[in-house]
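Q: 3D model of this:
(one chain, ligands or ions: 1)
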Amino acid sequence: MHFLIPAAGSGSRMKAGKNKLLIDLEGETLIYWTIKSIFAASSISWIGIIGQPFEKKLLLNSIKHFCNKVEWINGGETRQESVFNGLNSLPKDAEKVLIHDGARCLVNPELIDKCALELEENDAVILATKVTDTIKMVDHKGFIKETPNRKNLWAAQTPQGFLVDKLKKAHKIAIDKNWLVTDDASLFERLNWKVKIIEGDYKNIKITSPIDLKIAKMFLNNPNY
Ligand code: C5P
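A: Presented below is the predicted three-dimensional model:
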C-alpha cells in the first residue's frame with residue numbers, strides 16, 4: 001500500500017512560531033511519532049512525506065533512521081494542493097493510496113492496516129468517530145441556526161484511503177470548479193461517490209492547539225491506556 005503524509009502546514013493555531021510537526025514531544029518531534037506509528041503498520045510498502053521545501057532538512061533529520069525510507073514531495077499552499085502534489089508524485093504502479101495527516105501522531109497501526117484491508121472492497125474509506133457533543137450550525141453573526149441530529153454525525157479522521165485514479169480525477173474536478181476542502185473524502189461526497197466509514201478511536205486526535213500536546217504526551221507515556 002502506498003502512503004502519503006501531508007506535513008506542509010504552518011500550524012498557526014498552535015502559535016509555536018514554526019511548523020507544529022517540528023515541535024518537541026517527549027524528546028522527539030511530533031512528525032517522528034507519526035512516522036513511527038506508520039512504520040509499525042504491516043500493510044505499508046511506500047511512504048511519501050509532503051513538506052514545504054524550506055523545511056525539508058529539518059523534517060527529514062527529525063525522523064532520524066526513517067528518513068532513508070521515505071520519499072520527499074514538495075507541498076503547496078493548502079492541504080488540498082499538497083495532497084494533489086503527492087498524488088502526482090506516486091509511482092506509476094500505485095493503484096491505492098492511504099493519506100494521513102502528519103499532525104495525527106497517535107494513530108493506531110492496526111487501524112491503518114484495517115483501512116488498507118477495507119480498501120480492497122471499497123473505492124474510498126475513512127476513519128471516523130461518533131460525535132459525542134451536540135453540534136450547532138452557527139450563522140456569521142454567532143447565532144445558532146440549527147442542530148443536526150447527533151445520531152448521524154461522525155468526526156472525520158485520517159487515514160483516508162482511495163483508488164488513486166479516482167482521487168486524482170476528483171482533485172482535477174475540484175481545481176476546475178474552485179472547490180476548497182479540508183479532507184479528501186469531501187471531494188468524493190461532492191461528486192456523489194461513496195465513502196465507507198471505519199470506526200476509529202478517540203485517541204487519534206489531530207494535534208492542533210497547545211492542549212492537544214498535553215493529551216499526546218499523556219498517551220505517549222501510557223501507550224496501553
Ligand atoms: O491545518 P491542519 O492541521 O488541518 O492540517 C492538516 C494536515 O495537512 C497537517 O498535517 C498539515 O501539515 C498538512 N498541510 C499540508 N499543506 C498545507 C497545509 C496543511 O500538507 N498547505
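Q: hmm, Gln157 and Asn204 touching each other?
A: Yes. Look at Asn204 against Gln157 with CB atoms under 8 Å: they come within range, at 5.2 Å. In this view, the C-beta of every residue, glycine as well, is placed from N, C-alpha and C.
Q: shared neighbours, the two?
A: Both Asn204 and Gln157 are contacted by Arg104, Leu127, Thr129, under the criterion CB atoms under 8 Å, 6 or more residues apart in numbering.
Q: using CSV, lay out those together with pLDDT and distance to Phe219.
A: Formatted as CSV, the shared contacts of Asn204 and Gln157 follow (pLDDT from 0 to 100; distance: CB to CB, whole Å):
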residue, pLDDT, distance to Phe219
Arg104, 98, 12
Leu127, 98, 16
Thr129, 98, 15
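Q: mind checking which of those residues are in helices?
A: Among the shared contacts of Asn204 and Gln157, no member falls in helices (criterion: DSSP state H).
Q: most neighbours among those residues, which one?
A: Leu127 (28 neighbours; other CB atoms under 10 Å).
Q: skipping adjacent residues, who's closest to it in space?
A: Distances taken as CB to CB, 6 or more residues apart in numbering put Gly200 closest to Leu127, at 3.5 Å, once the chain neighbours are dropped.
Q: again, but for Lys130
A: Nearest non-adjacent residue to Lys130, counting by CB to CB, 6+ apart: Trp154, 6.0 Å away.
Q: separation between that neighbour and Leu58?
A: From Trp154 across to Leu58, the span is 35 Å (CB to CB, to the nearest Å).
Q: the longest strand along the chain: partners in the sheet, and parallel or antiparallel?
A: When the chain is parsed with DSSP state E, its longest strand is strand 154-163. Its sheet considered, strand 154-163 pairs with strand 96-99 (antiparallel), strand 124-130 (antiparallel) by DSSP bridges.
Q: what's the neighbour count on Pro91?
A: Using other CB under 10 Å, Pro91 has 11 other residues around it.
Q: I figured it was touching Leu4, is that so?
A: No. Using CB under 8 Å, Pro91 is not in contact with Leu4, being 11.8 Å away.
Q: which parts of the protein sit against the ligand?
A: Applying CB under 6 Å from any ligand atom, we find that the chain lies next to the ligand at 6-9, 21, 50, 75-79, 82, 101-103, 206, 208.
Q: could you redo the last one with a cut-off of 5 Å?
A: Taking CB under 5 Å from any ligand atom as the measure of proximity, the chain contacts the ligand at Pro6, Ala7, Ala8, Gly9, Gly75, Thr78, Arg79, Ser82, Asp101, Gly102, Ala103.
Q: grab the nearest non-local neighbour of the spatially most central residue of the chain.
A: In the chain, the centroid-proximal residue (CA atoms, centre = their mean) is Asp101; its distance is 2.4 Å. Excluding its sequence neighbours, the residue lying closest to Asp101 (CB to CB, 6+ apart) is Thr158, at 4.8 Å.
Q: check contacts around that neighbour.
A: The contact partners of Thr158, by CB under 8 Å, 6+ apart, come to Ile99, His100, Asp101, Arg104, Val107, Ile126, Leu127, Asp183.
Q: now distance to Lys217 too, for the residues you listed, in JSON lines please.
A: Shown next, in JSON lines, are the contacts of Thr158 (distance: CB to CB, whole Å):
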{"residue": "Ile99", "distance to Lys217": "26"}
{"residue": "His100", "distance to Lys217": "21"}
{"residue": "Asp101", "distance to Lys217": "19"}
{"residue": "Arg104", "distance to Lys217": "15"}
{"residue": "Val107", "distance to Lys217": "16"}
{"residue": "Ile126", "distance to Lys217": "27"}
{"residue": "Leu127", "distance to Lys217": "22"}
{"residue": "Asp183", "distance to Lys217": "26"}
